[in-house]
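Peer 1: sequence? don't have it. structure:
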């Protein structure tokens, strides 16, 4: 692991000094290598899937792990698409001149070596590797044991693309073991070679990273996301948003896990919303008011309000207005993504201001919690902390900065 870190640090310097055209050429070569190596990648994924099914993993987990030809093509297209994004390096973020004539510039620079620790999504291998490269960083990727075969094959294709473009293959390295001790070594910083850690996974992984890391962390907590149907919500819009927010893809962190319905519109809105969810095959766990609507609804417990299901399950609660909805989200939410559906602009403005989440939406699905939908290209994760990066972590968030100071012979008195 220490040798892996040293190789990453050496590669990071080369990548940081490379030109935009070199990095873009490498990204296109990486995308081509993913397409050319579709056979080995999908064969490895079939083995990972078979092992996961034998272990009794649920449907949502299998969906996160699954790669087919169409999904792999999308992964390759996403890598190629990153080449079209503006170069984040060398941007002058601010400039000013002091009374003594010194001219200051704050300029975007790479972070250095980024370690990404993730679980079952093998596409993270390509997304993270490509984003790190475009932003001038080297990547150390620690895949979950469930996706190690697939991720290894993807990483090998990325490394092939790097080499063909004349850049060091060690700019993207995958940890070649399932041993959890490797995570501990990364969190120690690999003898100073790791600059930041990005965890992508469940609560236990993130909690361990936050507890044990001796280097900065872009925190990515679970996505316990809410949709609040305000009293002034249009019912047809509310139904469409709720169904999409919960069921478009249940295994993503932007999937809605709790539906809050204002008591002022519960008489007209609650039954149709719950019926639409049930008819779409979504299990509903509700409070007393919700449970009274349909015998198929099971009672919700306090644990349900705090649960990220990542499955076709949603918790539903009737709340006594906007204040109660905000209080519920503050108590049980994960500060990830929360939405309000309403025609009342004043209520929407309060929700957007007072809900302390990385992403807050008005009249839109929580499934827009995605770097691509923000125009960032692929993302390395959604950061729910409050330092440096928050929300989708794209190219700009993978940069730091330095100051360039221009003088004409000034000395300090």
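Peer 2: Yep, it's here. Quick caveat, the model's predicted, so the values are computed rather than measured. Numbers count the residues shown, from 1 in each chain.

Peer 1: C-alpha from now on. contacts and neighbour counts both.
Peer 2: Noted.

Peer 1: tell me the first helix or strand C-terminal of the least confident helix or strand in the chain by mean pLDDT.
Peer 2: For the chain, using mean pLDDT, DSSP states H and E, the weakest element among its helices and strands is helix 203-212, scoring a mean of 81. Using DSSP states H and E, the helix or strand that follows helix 203-212 in sequence is strand 225-229.

Peer 1: so what strands line up beside that next one?
Peer 2: Taking DSSP bridges as the criterion, strand 225-229 forms sheet pairs with strand 256-262 (parallel), strand 337-341 (parallel).

Peer 1: would you mind giving the ones you listed as TSV with distance to residue 315, mean pLDDT and mean neighbour count added?
Peer 2: Rendered in TSV, the data for the strands paired with strand 225-229 read as follows (distance: least, CA to CA, whole Å; pLDDT from 0 to 100; neighbours: other CA atoms under 10 Å):
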stretch	distance to residue 315	mean pLDDT	mean neighbour count
strand 256-262	5	98	28
strand 337-341	14	98	29
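
Peer 1: let's have those strands in a markdown table, adding distance to residue 306.
Peer 2: As requested, the strands paired with strand 225-229 are exported to a markdown table (distance: least, CA to CA, whole Å):
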| stretch | distance to residue 306 |
| --- | --- |
| strand 256-262 | 9 |
| strand 337-341 | 14 |
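
Peer 1: the helices in the stretch 151-300 of the chain, which residues?
Peer 2: Secondary structure of the stretch 151-300 of the chain, counting by DSSP state H, counting those that start in this stretch: helices at 181-188, 203-212, 235-247, 266-279, 288-291.

Peer 1: please identify the most buried of these.
Peer 2: Among those, judged by mean count of other CA atoms under 10 Å, the one packed with the most neighbours on average is helix 235-247 (a mean of 20).

Peer 1: pLDDT on that one, on average?
Peer 2: Across helix 235-247, pLDDT averages out at 98.

Peer 1: domain ranges for the protein, per the record?
Peer 2: Listed by automatic domain parsing, the domain ranges of the chain are 2-218+393-406, 225-368.

Peer 1: ends of the first one, what's the gap?
Peer 2: Using CA to CA, to the nearest Å, the end-to-end distance of domain 2-218+393-406 comes to 39 Å.

Peer 1: same check, this time on the shortest one
Peer 2: Looking at domain 225-368, the gap from its leading to its trailing residue is 12 Å under the measure CA to CA.

Peer 1: run the chain-centre distance for that domain.
Peer 2: 21 Å (CA atoms, centre = their mean, to the nearest Å).

Peer 1: got it, and the first one?
Peer 2: Relative to the chain's own centre, domain 2-218+393-406 is displaced by 12 Å; criterion: CA atoms, centre = their mean.

Peer 1: nearest residue to residue 309 other than its sequence neighbours?
Peer 2: Here the nearest residue to residue 309 in space, its sequence neighbours aside, is residue 257; by CA to CA, 6 or more residues apart in numbering that works out to 6.5 Å.

Peer 1: if I look at residue 230, how far off is residue 24?
Peer 2: Taken as CA to CA, the spacing of residue 230 relative to residue 24 amounts to 46 Å.

Peer 1: of the two, which one has the most company?
Peer 2: residue 230 (27 against 23; other CA atoms under 10 Å).

Peer 1: show me where the stretch 301-413 of the chain has helices.
Peer 2: Taking DSSP H, counting those that start in this stretch as the criterion, the stretch 301-413 of the chain carries its helices at 302-305, 322-332, 345-354.

Peer 1: out of the ones you listed, nearest to residue 145?
Peer 2: helix 302-305 (28.1 Å; CA to CA).

Peer 1: burial count for residue 329?
Peer 2: Applying other CA under 10 Å, I find that residue 329 has 24 neighbouring residues.

Peer 1: wait, it sits on residue 228?
Peer 2: No. At 9.4 Å, residue 329 does not count as touching residue 228 under the criterion of CA atoms under 8 Å.

Peer 1: if we can go back for a sec, residue 213: which of the strands paired with strand 225-229 is closest?
Peer 2: Proximity to residue 213, assessed across those by CA to CA, is greatest for strand 337-341 (25.2 Å).

Peer 1: that closest one to helix 322-332, inter-axis angle?
Peer 2: Taking axes from the mean of the first three to the mean of the last three CA atoms, to 10 degrees, strand 337-341 and helix 322-332 form an angle of 160 degrees between their directions.

Peer 1: relative to helix 235-247, how tilted is strand 337-341?
Peer 2: Using the same axes, to 10 degrees: strand 337-341 against helix 235-247 is 160 degrees.

Peer 1: so which of the domains of the chain comes closest to residue 412?
Peer 2: The closest of those to residue 412 is domain 2-218+393-406. By CA to CA, the value is 9.6 Å.

Peer 1: wait, which of the helices of the stretch 151-300 of the chain is closest to residue 118?
Peer 2: It's helix 203-212; of those, that one is closest to residue 118 (CA to CA) at 8.5 Å.

Peer 1: elements contacting the closest one?
Peer 2: helix 181-188, strand 196-200 (3 or more CA pairs under 8 Å, 6 or more residues apart in numbering; DSSP states H and E).
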